[in-house]
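>>> Make a model of this:
(chains A, B, C and D)
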Protein chains: 4
Amino acid sequence: MMNRSFASDNNAPVAPEILQAILDANAGDALGYGDDDWTRRAVARFKAHFGEDTDVYFAFNGTGANVVALSCAVRPWEAVLAPATAHIQTDECGAFERFTGSKVIPIPTRDGKLRIADLEPYLLGGHGEHFPQPRVVTVSMTTEYGDIYEKDELRELCDYAHGKGLYVHVDGARISNAAAALGATPREITRELGVDILTFGGTKNGLMGGEAVCFFRPELSAHAMPFARKQGMQLASKMRYIAAQFDALLAEDRWLRYASHANAMAQRLLAGVRDIPGVRITRPVRANAIFAIMDRPAIARAQEAFFFFIFDESKPEVRWMTHWATTEADIDAFAAAVRAASA
Amino acid sequence: MMNRSFASDNNAPVAPEILQAILDANAGDALGYGDDDWTRRAVARFKAHFGEDTDVYFAFNGTGANVVALSCAVRPWEAVLAPATAHIQTDECGAFERFTGSKVIPIPTRDGKLRIADLEPYLLGGHGEHFPQPRVVTVSMTTEYGDIYEKDELRELCDYAHGKGLYVHVDGARISNAAAALGATPREITRELGVDILTFGGTKNGLMGGEAVCFFRPELSAHAMPFARKQGMQLASKMRYIAAQFDALLAEDRWLRYASHANAMAQRLLAGVRDIPGVRITRPVRANAIFAIMDRPAIARAQEAFFFFIFDESKPEVRWMTHWATTEADIDAFAAAVRAASA
Amino acid sequence: MMNRSFASDNNAPVAPEILQAILDANAGDALGYGDDDWTRRAVARFKAHFGEDTDVYFAFNGTGANVVALSCAVRPWEAVLAPATAHIQTDECGAFERFTGSKVIPIPTRDGKLRIADLEPYLLGGHGEHFPQPRVVTVSMTTEYGDIYEKDELRELCDYAHGKGLYVHVDGARISNAAAALGATPREITRELGVDILTFGGTKNGLMGGEAVCFFRPELSAHAMPFARKQGMQLASKMRYIAAQFDALLAEDRWLRYASHANAMAQRLLAGVRDIPGVRITRPVRANAIFAIMDRPAIARAQEAFFFFIFDESKPEVRWMTHWATTEADIDAFAAAVRAASA
Amino acid sequence: MMNRSFASDNNAPVAPEILQAILDANAGDALGYGDDDWTRRAVARFKAHFGEDTDVYFAFNGTGANVVALSCAVRPWEAVLAPATAHIQTDECGAFERFTGSKVIPIPTRDGKLRIADLEPYLLGGHGEHFPQPRVVTVSMTTEYGDIYEKDELRELCDYAHGKGLYVHVDGARISNAAAALGATPREITRELGVDILTFGGTKNGLMGGEAVCFFRPELSAHAMPFARKQGMQLASKMRYIAAQFDALLAEDRWLRYASHANAMAQRLLAGVRDIPGVRITRPVRANAIFAIMDRPAIARAQEAFFFFIFDESKPEVRWMTHWATTEADIDAFAAAVRAASA
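Predicted coordinates for the structure are as follows:
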C-alpha cells in the first residue's frame, strides 16, 4: 500500500459509510437506468436539501457531469465563459467542445476567481453572428487554486450574469469543501445566491465514483437532460450503486464531516510547513489544497516519500491536497518530509 | 426487495467475488486515472488471455466503450456498418453520431445477424465523396436477439471485411455468454477469428459497472484511445474500482461461471415454457435471452409478478433474460407464472 | 465544349437573365454578409411569394442549406426522419450528422415517397432516452426519383406529422420543377399544405449557385439561423451575388419558365425513348428526370456521345436529366443515340 | 450606389477580368463537382506556382476553407494554436469547434503576430490525456491587424513548429497583399518557408467568391480533403464558376496587380491622414489596412459619408481597408472627410 497521497483528493479510498451503502444496495435485482428505490431516495435527499423543484441527475464523473449539464443550456453557437484556469478549459481534453460543438471562452483572471470586471469585455456584444453568443458563466467551488467565492462575490456575479441573460453554472467538484469552509450549506452557497446549475461532486469527497447534476431551473433540464446524459454516455444502467452513495453522503451530514476533515487537515499542513525556509505558500488556503513554491531539488526529495504533483512547471509551484482519509499522522509525517527535503 | 427480474441482465446485483474485490481494493490511497496496481493487474489479465500485444482500456458503460472504441477507427467521414438491430443503432441515443460526427449505417438483416450477402450492397463504392466511406463493421456477441455467430460465420465475416479494407468490432456486452455457449474462450471467438476491436462486457456479467475495450491492432489505439476515452468522458479517476472488478472476473474463470449459469437458467426456462399453449418461442435460445410471442392479456398477467419488457410492441414479442444470480427456484416460479398467465 | 449533358441539372450553364442580374449587381461597393440592397430585394421577393412572415436565408449549396435549416429545428438528441433514398441520407456525406450530432433515420419506402404508413412504426415512442426523439420529417420535391407528392399527399403527411409534434421540411432542390408539374405555385405546394421549412433550390434551376432557406415558423429561425448559417460556413460575405440571382429568378416567373422547359424536355425525351426495345422506363416521369433500365453494353454505347450516370449499378438503372438549357435538338439527338445504342 | 466603402475588402465588386472569366465559363454544359476543364486549368495554375505536388481544393468562403483544411490535420483531441486575435478564433462563430470537435487554443500576443516565445508555454506537454494535444499552428497573412510576418519570422516559426511535431497553416485570406508588400511570390512567403497548408484567398482580392486550399503535404489531404470538403458543405456542384475565377486571378499576375493596388491605396490614405490632429495611427501599415484611434464624435462624423467599422469599441479604434477598386479619388475624398470630421 502506498503512503498517503497528497496528489489529489481523488486518490482517496471510499469512506466506510459510503462503502456500506454500496453493500446494502447489493440486495437482489433492481431495474436499470435509475428506476429503482435507491435513486428515488437519493433524488429525494437532494430535493430536501436544495428545494423540491430541483431536478437531479447522476453521472459517472466530473467531466461527464459538467459537460452534459452545460449542454442543456447552450445551443452549438452559444458559448460558456469560464476562468482560463477552469477545469473544463484545462483538464477535460476538449470534451465540452466535442460534445456540444460550442466554445469555452477562457477568461484571464488574477487568481482563478472570475470577477465582473473580468467578464465585462466579453459581453460588449456587437459582433453579431460572427462570434459565439455567451450563454453561461461557469465557476468552480472551490476554485482550481483551492480558493472560495465569498457569498457576496458569487451573488454579485450571478446578478450580473442574469442581467446579461446568462445562466450560472458551478462546477462543484469540491462544493462540500467550500460549504464547510464558509460554514454554510451547499444550498446557501449556490442556489440561494442565484446559481442555476450545480455539479455536486461526490468522487472527491469519499465516494467510489459519482457526481450529481442539480438544475434549479427545471425548464433547462426536463426536456433535455435525460437525453443529453444518455447521448453523453453518462447514464449508468446499474444506477443504484451511484445513487446509494449519494444517499449515504447526504445523510447525517457526511458530506460536511468528510469535507471539514479534509479542510482541517489542510490547515494542519499549512501550520506545519508555512515557516519552513524555502517553502513559500502562494495561494490562500481555504479548503483542502495548498499551493507552494519550492526549489526543484527540494521537491524531488519530498516526492521520494510522498506523492504529489508539480502544478505549474514554470515556477515550479506544487499542489498538496488532503481528503477525508488523511490523518493527523499523515500530515505530520508529510510536513516533516517537506521540512527535511528543504533543509 | 423486488422479485427476480427477467427484464435485463443489468438488473442483477454484483456477484460476491466481484464485490469482495472492490472491498479489497479499498486499501488506502491510489493514484488516479489508472496509474495503480489494480489497473496494472487487470490489464495483465487481459493480455494473458488475449495476447500480450492487446491494448486494454476500461470504460464506465457499454455505450461509452463502444463509442470511444469505434471513434479510434473512423474519421468523421467514415461510417460504421451495423445490423439495423444493433445496440449502437437502436439504444445509444445517437451517442456515436454525436461523438464522432460519423454515421452508423443500419443494415437490414433476417434475424439480427449480419451476413456477407447483407453487407455486399453497401460496399459497391462508386459514390465518391458524396457518401461516408465504410470503415468498420460492428456485430454483437451475443446478438440483440440472444443469438450467436458461429466461429465459421464470424471468421468469414472478418475475412470478407478485411478484404474490403474494413475493421471488425464486436460489441461484446455479452461476450462471456457467447463464449460459454460455444464452449470456447473469448479469445477463440474474437481475436482468433479476425476481430480487431472488442468491447468486453462486465456490467451484464456480475460487475457493479465497467467495460473493457480490447484492441488487437494497437496501431489503432495507442495514439488515439487515451485521448478519445478522456474526451469521451469515460476516464475514471478512481480507476482501481473498475479494474479490480475485471481482475476478479477474469480470475478463476469467473466470467465463464457466471455466464454459463445464466445460459443454463435460460435453457431451464425454455424447458419450462416451450410447451405452454399461447407461448411461441420466436428465436434460437443460445445464451441468456428468450424471446416469445404471447397475447397481451397474458403478458399483462405475467408482469404482475415478475418484471420483463415487451421487446417489440407490434407483435407483441417479449424478452426474458437470465443472469448470474437467477436461481432454479426463480425460473420455476417464473415459468409457473407464465403458465398461469397463459391459461 | 462538351455535348449536352444528361447527367444532372447542375451540369447546366447559368441562364442569361440570371447572369445579367449578376452583372448588374457588380456596381461599386456593397456591405458584406447580406446588408445590401440586392439581398433586401431578394428577401422581399420571397416574402411577397410565401408571406410576409417568411424568414429567408441564402446559402451556398443544397447540402449547406438543408443541413443548417434542419439544425435550427433539432437538438442533438432529436432525429430527422427521411426516406431512405433522401439526398440528406445518401448524398451529403454525413454532413447533417457531423454538423448537428443528430441522426437521420432512413425509412424504407416503396418508391422514394414517404407515406404515413411508412412513418408510423417510427413514432411509437416508448423507448425513452435510449433513442433519438423524432423531431422533423423531411421529404424532397421532386423526389430523388423525379416523382412528386400530390397536394393531398403532402397535406396529409404534414397534418400527421404536426399531430405527432413533428415539423416538416421540404428539400426543394427542384421545387420549381414540382410546382411547374403540378400547375401550382411553390407556396401552394409547400406552405399552404403545412410545410414548416423549405429549401428553395436555385442551383439546379438556372442559377450559378445559391439556395434559399424559407422558414414559415420564424420562431424556429430568428434566434438560431443567423448563427447556424455562419457556424455552418454558409454565410457569403459578398452576399449580393447570390441574392441578385434569386431576385432575378423570382421576377417574371422565371423559376417557372426554366422549370417548365426542363420538364417539357423530359416529356419529349420520354416520347422519344419509351418505345425503344431494350429500354424500360422505371419511374413516373413527372418533372425533369427519367429513369430507365437498359443492358450494360447499350448504356456504354449511349455514353460514348452523351454523358449520364448509372443511378443503380445493380440493375443497372440509368438517370437522364434535363434542364433549362436543354434544347429540342439535344433531346432528339440523345434519343437517337439511345435508340442506336439499343439496336 | 453607395460611396466607396472602407469597411472591408469584401465590400468590393468583382474585378473585370474575373467577371469576364465567369462569362467565358458559361459555355454550355459541364460536369459537376470539379470534373471540368476550368477546374483542371485552375488547379494546374496553382501547381505551376506552388509546385506540382501541391494538392488544391476550392471552397466557397474563408471560414469554410480554413475549417475544412485544418480538419484534415487534426483528430478531435488535437488542437490548433492560434493568436488570440485570429479570424478562426474571433470571427468564425465556433465553426472550427463545431465541425472538428477540437479546440482552437487562443494565444495572447503583443500585436497579433505569433512568436516562438508566445508558443513555448503551450508546448511544455506533461498534461497527458487531460488536455488537447497541439497539432497545428495557424497564422494569418496579412494578420488581422494588417501586419505581415517577415520571411525570417515565418521561417523560424515553421522550423520551431516542425521541431515540435506541429504543422503550420496560413490563413491567407490576404496572402496576395502580403506577397505584394514583401515583393515576393505567394510561394516564397509560404511553402518555401515551411508552411504546410495555405488558404489562398480570392474573395478579398477581386473575386466574386472562392478560396483555394493548397496542401504542400499531400499525405495530409489526399485521403481526407475530398470528404472533409463535402461533409463541410463546401463542395460546389457548379465548380467551374469558382475555378474560372482563380484561373483568371493567377493569370498575368492579376493577384499581384489587384493586391499591389490595394496596398498602394492604403499608403496613399496613410499619407493623407497621418498628420491629422486627433488621428493616431496604431499599427504598422504594411498592406491594405489602416488602424487608427479617433475620438467618438469624429468617428461618427466621418461615418456619415463613408462606411467603416469601429474595430475595438473600447478605445475606440477604427479600421480602414482598401481594395482593388479603391481609386485615388476615393482616397482623397475619404482623407478629406476624416480631416473634416476631426476638425
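
>>> Tell me the secondary structure of A:H169, please.
Secondary structure state of A:H169, per DSSP: H, G, I helix; E, B strand; the rest coil, is strand.

>>> Quick check: residues of the stretch 51-200 of chain A near chain B?
By the rule C-beta under 8 Å from any C-beta of the partner chain, the part of the stretch 51-200 of chain A lying against chain B is A:60-64, A:67-68, A:92-95, A:98-99. Glycine gets a C-beta too; all of them are placed from N, C-alpha and C.

>>> Next, give me the two most distant ones among the residues you listed.
Within those, two members stand farthest from each other by C-beta to C-beta: A:F60 and A:G94, at 18.1 Å.

>>> what's the burial count for the closest residue to A:A248 other than its chain neighbours?
Spatially, and ignoring its direct neighbours in sequence, A:A248 is nearest to A:A21 (3.6 Å; C-beta to C-beta, 6 or more residues apart in numbering or on different chains). By other C-beta atoms under 10 Å in any protein chain shown, 25 other residues sit near A:A21.

>>> from memory A:A21 sits against A:A243, does it?
No: A:A21 lies out of contact with A:A243 (C-beta atoms under 8 Å); the separation is 9.4 Å.

>>> dump the residue contacts of the residue of the stretch 201-343 of chain A found nearest chain D.
The stretch 201-343 of chain A approaches chain D most closely through A:E313 (6.0 Å), counting by C-beta to the nearest C-beta. Residues in contact with A:E313, defined by C-beta atoms under 8 Å, 6 or more residues apart in numbering or on different chains, are D:L124, D:G126.

>>> wait, what's in contact with A:Y258?
With C-beta under 8 Å, 6+ apart, A:Y258 has these contacts: A:A15, A:S176, A:N205, A:G206, A:L249, A:H323, A:W324.

>>> secondary structure element for it?
Using DSSP states H and E, A:Y258 maps to helix A:254-273.

>>> could you dump that helix to CSV, C-alpha only?
What follows is helix A:254-273 as a C-alpha-only set of coordinates in CSV (Å, rounded to 0.1, in the frame of the first residue of the first chain):
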residue,chain,number,x,y,z
ARG,A,254,-21.5,13.2,6.0
TRP,A,255,-20.7,15.5,3.1
LEU,A,256,-19.8,18.1,5.8
ARG,A,257,-17.9,15.7,8.0
TYR,A,258,-15.7,14.4,5.2
ALA,A,259,-15.1,17.9,3.8
SER,A,260,-14.5,19.6,7.1
HIS,A,261,-11.9,16.9,8.0
ALA,A,262,-10.1,17.4,4.7
ASN,A,263,-10.1,21.2,5.2
ALA,A,264,-8.8,20.8,8.8
MET,A,265,-6.0,18.6,7.6
ALA,A,266,-5.0,21.3,5.1
GLN,A,267,-4.9,23.8,7.9
ARG,A,268,-2.7,21.5,9.9
LEU,A,269,-0.4,21.0,7.0
LEU,A,270,-0.3,24.7,6.5
ALA,A,271,0.7,25.2,10.1
GLY,A,272,3.4,22.6,9.7
VAL,A,273,5.0,24.0,6.6
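
>>> Can you name the next helix or strand after it?
Next helix or strand after helix A:254-273 toward the C-terminus (DSSP H and E): strand A:280-281.

>>> who does that next one pair up with?
Using DSSP bridges, the strands paired with strand A:280-281 are strand A:289-293 (antiparallel).

>>> How about the residues of the stretch 101-250 of chain A by chain D?
The stretch 101-250 of chain A comes close to chain D at residues A:101-104, A:106, A:108, A:121, A:124, A:126-127, A:129-132, as judged by C-beta under 8 Å from any C-beta.

>>> buried stuff in stretch A:111-131?
Residues of stretch A:111-131 classed as buried: A:G112, A:K113, A:L114, A:R115, A:D118, A:L119, A:L123, A:E129, A:H130, A:F131 (neighbour count, 16 or more other C-beta atoms under 10 Å in any protein chain shown).

>>> What of stretch A:149-159?
Residues of stretch A:149-159 classed as buried by neighbour count (16+ other C-beta under 10 Å): A:Y149, A:E153, A:L154, A:R155, A:E156, A:L157, A:C158.

>>> re earlier: could you dump the buried residues of stretch A:111-131 into CSV and include secondary structure and pLDDT?
Below are the buried residues of stretch A:111-131 laid out as CSV (DSSP: H, G, I helix; E, B strand; the rest coil; pLDDT from 0 to 100):
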residue, secondary structure, pLDDT
A:G112, coil, 97
A:K113, coil, 98
A:L114, coil, 98
A:R115, coil, 98
A:D118, helix, 97
A:L119, helix, 97
A:L123, helix, 93
A:E129, helix, 93
A:H130, helix, 94
A:F131, coil, 93
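
>>> Kindly indicate which of those lies nearest chain C.
Nearest to chain C out of those is A:E129 (C-beta to the nearest C-beta; 4.2 Å).
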